[in-house]
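J.: sharing a model that was predicted from the sequence below.
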Amino acid sequence: MAAALAFYILSALFFDNFVINNIVETATSRHDEG
């Protein structure tokens, strides 16, 4: 159960990091274009 919880936390952190990077890239590209 602890392993599953740790895996869930790591997955959530990785997903959040991916989403944040995607938003930053989108905002940066829009800023460069405009």
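T.: Arrived safely. These numbers come from a predicted model, not from an experiment.
J.: gap between the helix or strand containing Ser29 and the chain center?
T.: Using DSSP states H and E, Ser29 sits within helix 2-33. Relative to its chain's centre, helix 2-33 lies at 0 Å (CA atoms, centre = their mean, to the nearest Å).
J.: tell me the average confidence for that helix?
T.: In this model, helix 2-33 has an average pLDDT of 89.
J.: how much space between Ser29 and Ala2?
T.: 41 Å (CB to CB, to the nearest Å). For glycine as for every other residue, the C-beta is placed from the backbone atoms N, C-alpha and C.
J.: more neighbours, the two?
T.: When Ser29 and Ala2 are compared for neighbours, Ser29 comes out ahead with 10 against 6, by other CB atoms under 10 Å.
J.: contacts only, for the more buried one.
T.: By CB atoms under 8 Å, 6 or more residues apart in numbering, the contact set of Ser29 is empty.
J.: what number of residues lie near Asp16?
T.: For Asp16, using other CB under 10 Å, the count is 10.
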